[in-house]
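Participant: Structure for the following, please:
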Amino acid sequence: MRFVAVAAADGMVVRLGAPLSDIDATVGAMRRRLTFAIGIAIGAALALGWLASRLAARPLRAMTESATRIAQGDYAIVPSTSPDDFGILSRTLASLGAQLEAKLRELTEERDRLSAILAGMAEGVLVVDAAGEVVLANPAAEMILGPALVGKRMADAVTSPALRAVIEEAASTGQPHETEVEAGPRAIALYVRPLAARGGGLVTVLRDMTRLRKLLVVRRDFVANVSHELRTPVTAIQGYAETLLRGPVDEPTRKQFLEIIHRHARRLGALVEGLLTLSELEARPPEQAVRERVEVSAIAEHVRATLRERAAQRETRVDVDVAADVIARGDPVAVEQVIENLVDNAIKYGKDGGGQVRVTGRRRGDRVLLEVLDDGPGMGAEHLPRLFERFYRVDAGRSRERGGTGLGLAIVKHLVESMGGTVEVDSEVGRGTTFRVEWPAWDAPAYPRAS
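Facilitator: Okay, the predicted model is just below:
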């Protein structure tokens, strides 16, 4: 209860009393109303704040997404048209993305161009950084030095002591070096230049000179051989002709001298004809090669008939065993020349008197195989790798004596390879010699690659 007492007139006191439950109920009701109103106000404030933050953060989210796309390589950014600071920042970000895309496209094109140039170079390019690690190597450098050079130490990548010494000298002196060294079986020309402008490192350009050296040697030997081969018949012709011109000689001597002059003239003509044939074969483009149906059996029989008299003079029997289904794809004239050269070679250098030359042919897969075998003295294994070189002879005196020019097998090799074929030789001393020629079969795929 709640009591209140108030003094009144005449000494009277007025006293009132009321139960607290009514007051508490009123206060509780008021508190509940206030709490509900405060809750509604707080919820409304939070909702308005969240909505305001979402509206305010939308440009920031858009720019964050744009920056993320730029970082991921997507530079197609649509700028905002808003005039506020967020719009200006968005347009600036879009412009930055476009510039980055243009720069990266330019760098990519430059990289691809540089990679294409390096990949297409015949010279090897090796770049070593200041720490001595290979950072760039083109395919030509890997062909010369070995595979997987990038990431290796220079000492591991360049195993040749001669090459490594030149590179290390350039690194120590800081001066460019250009020289040619022997690296095992190869001759390597290299140019080494320090990269001082980039904080150290070296760039090395290598060129394999082995093939060029071999070509120079072949050219020198060819000139020397031609000169020697021409000198002999020319000297003989000149000497015997001068002898005949100096004065009268008896008829038998005159006839003998004329026969010698005629023999050397024929040899000189054969030599010139062989050189012209080789020159024509080397100058002929591959696309001009004839690809026709060639019946090897008929051509082999024709060659046997052509060389019958020569074989009879040497008392040599020529047997032909070529199956009728041996049909090659090539040039009939070239095939006949190949078989004739090989058979004539076998007759010349086969067994003296009572010898035998066998020509066999058969089908093997999509190729046709022709073999020319003789039972002559054969030759050592050291001669076989060079047998198809111009003017190479196992026995020079014996070859000249029998009319050989030293060009027949070189012509055979050129003719066979021009038709997509291969030619091999197998011989042992005392066991004869076998030449094997393969051509594409007529029903094989056109223009097959020689295996």
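Participant: so where is the stretch 301-450 of the chain shaky, pLDDT-wise?
Facilitator: For the stretch 301-450 of the chain, the stretches with pLDDT under 70 are 393-405, 444-450.
Participant: need the helices for the stretch 51-200 of the chain, in chain order.
Facilitator: Secondary structure of the stretch 51-200 of the chain (DSSP state H, counting those that start in this stretch): helices at 85-120, 139-145, 154-157, 161-173.
Participant: Between those helices, which one is closest to residue 302.
Facilitator: Counting by Cβ to Cβ, residue 302 lies closest to helix 139-145 out of the helices of the stretch 51-200 of the chain; the figure is 46.5 Å. Backbone N, C-alpha and C define where each C-beta goes, glycine included.
Participant: for that closest one, packing partners?
Facilitator: Packed against helix 139-145 by the contact rule (3 or more Cβ pairs under 8 Å, 6 or more residues apart in numbering; DSSP states H and E) you find strand 124-128, strand 202-208.
Participant: What ranges does the stretch 201-350 of the chain have for its helices?
Facilitator: Listed in chain order, the helices of the stretch 201-350 of the chain (DSSP H, counting those that start in this stretch) span 210-246, 251-283, 296-306, 308-313, 332-349.
Participant: Let me have these in CSV, adding distance to residue 132 and mean neighbour count as columns.
Facilitator: CSV is the format used below for the helices of the stretch 201-350 of the chain (distance: least, Cβ to Cβ, whole Å; neighbours: other Cβ atoms under 10 Å):
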stretch, distance to residue 132, mean neighbour count
helix 210-246, 28, 13
helix 251-283, 46, 14
helix 296-306, 61, 18
helix 308-313, 69, 13
helix 332-349, 56, 22
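Participant: Need these in TSV (columns: distance to residue 162).
Facilitator: Listed next are these as TSV, based on distance: least, Cβ to Cβ, whole Å:
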stretch	distance to residue 162
helix 210-246	14
helix 251-283	35
helix 296-306	51
helix 308-313	54
helix 332-349	43
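Participant: out of those, nearest to residue 141?
Facilitator: Closest of the helices of the stretch 201-350 of the chain to residue 141 is helix 210-246, at 15.3 Å (criterion: Cβ to Cβ).
Participant: which of the helices of the stretch 51-200 of the chain sits most buried?
Facilitator: Scoring those by mean neighbour count under mean count of other Cβ atoms under 10 Å gives helix 139-145 as the most buried, with a mean of 19.
Participant: Need the residues that contact it.
Facilitator: Here helix 139-145 makes contact (Cβ atoms under 8 Å, 6 or more residues apart in numbering) with 119, 121-126, 137, 148-149, 157-159, 163, 186, 188, 206, 208.
Participant: PyMOL command for the buried members of those?
Facilitator: Here is the PyMOL command that selects the buried residues among those (16 or more other Cβ atoms under 10 Å):
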select buried, resi 123+124+125+126+137+149+157+158+163+186+188+206+208
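Participant: For residue 360, which three-state class applies?
Facilitator: Of the three states, residue 360 takes strand according to DSSP: H, G, I helix; E, B strand; the rest coil.
Participant: Please look at it and residue 371 and confirm they touch.
Facilitator: Yes. Using Cβ atoms under 8 Å, residue 360 makes contact with residue 371 at a distance of 4.9 Å.
Participant: So residue 249 versus residue 243, what's the distance?
Facilitator: Distance, residue 249 to residue 243, using Cβ to Cβ, to the nearest Å: 7 Å.
Participant: An error on my part: the question was meant for residue 15.
Facilitator: 181 Å.
Participant: The closest residue to residue 356 other than its chain neighbours: how many residues sit nearby?
Facilitator: In space, and not counting its chain neighbours, residue 356 is closest to residue 317: 5.0 Å by Cβ to Cβ, 6 or more residues apart in numbering. Neighbour count for residue 317, taken as other Cβ atoms under 10 Å: 12.
Participant: Tell me how far residue 317 lies from residue 310.
Facilitator: 12 Å.
Participant: Next: residue 38.
Facilitator: 129 Å.
Participant: cool, residue 413 as well?
Facilitator: Relative to residue 310, and taking Cβ to Cβ, residue 413 is found at 23 Å.
Participant: go on, residue 42?
Facilitator: In terms of Cβ to Cβ, residue 42 sits 123 Å off from residue 310.
Participant: Return the residues in contact with the residue nearest to residue 265 when sequence neighbours are not counted.
Facilitator: Distances taken as Cβ to Cβ, 6+ apart place residue 237 nearest to residue 265, at 6.2 Å, with adjacent residues excluded. Counting by Cβ under 8 Å, 6+ apart, residue 237 touches 261, 264, 265, 268.
Participant: No further questions, thank you.
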